[in-house]
Each structure stands twice: as structure tokens, then as C-alpha cells.
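Visitor: what's the 3D shape of this:
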Amino acid sequence: MAWINEEKKLEEMHKEIYQEIDFLKGRMNELESLVLQHLPANKNRGGVKK
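Guide: Numbering: from 1, shown residues only. A predicted model of the protein is given here:
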């Protein structure tokens, strides 16, 4: 029955990892917004040249 405890531990770790991923995605979005706010509006931002 020890495998049941191990499975529960793994499930808990899995939840924690996904919570961390969600947190980091949120932080990345915040940083991206800040960067875009500070870029000059008329500069090419790496888009396809016409």
C-alpha cells in the first residue's frame, strides 16, 4: 500500500508544479506588457517587412 502514498505525493507535486507554471506565465505576461509599453511606437518590432 506504500505505492498509494507515493501516488498521492506525486499528485500533490504535480499540482504544485502547475501552480508555479501558472504563476510564471502571469509574470511573463506582466513583463511583456512592461517591455511593450517602453518600446517606441513607430519602431519595427521584428515583424515581416513589406
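Visitor: can you show me the helices along the protein?
Guide: 2-38 (DSSP state H).
Visitor: quick one: low-confidence ranges for it?
Guide: Applying pLDDT under 70 to the chain picks out residues 41-50.
Visitor: center of it - which residue?
Guide: Lys25 (2.0 Å; Cα atoms, centre = their mean).
Visitor: tell me how far it lies from Gln19.
Guide: Remark: distance between Lys25 and Gln19 (Cβ to Cβ, to the nearest Å) = 11 Å. Quick note: C-beta positions are derived from backbone N, CA and C, even for glycine.
Visitor: shared neighbours, the two?
Guide: Here Lys25 and Gln19 share no contacting residue, scored by Cβ atoms under 8 Å, 6 or more residues apart in numbering.
Visitor: Phe23: neighbour count?
Guide: 10 (other Cβ atoms under 10 Å).
Visitor: and the one 3 residues further on, by the same measure?
Guide: With neighbours defined by other Cβ under 10 Å, the count for Gly26 comes to 10.
Visitor: from here on, call the first residue 41.
Guide: Okay, residue one is now 41; in that scheme the one you just asked about reads as Gly66.
Visitor: quick one: it from Met41, how far?
Guide: According to Cβ to Cβ, Gly66 stands 39 Å off from Met41.
Visitor: equivalent analysis for Glu52, please.
Guide: Noted for Glu52: a distance of 17 Å to Met41, by Cβ to Cβ.
Visitor: do the same with Gln59
Guide: 28 Å.
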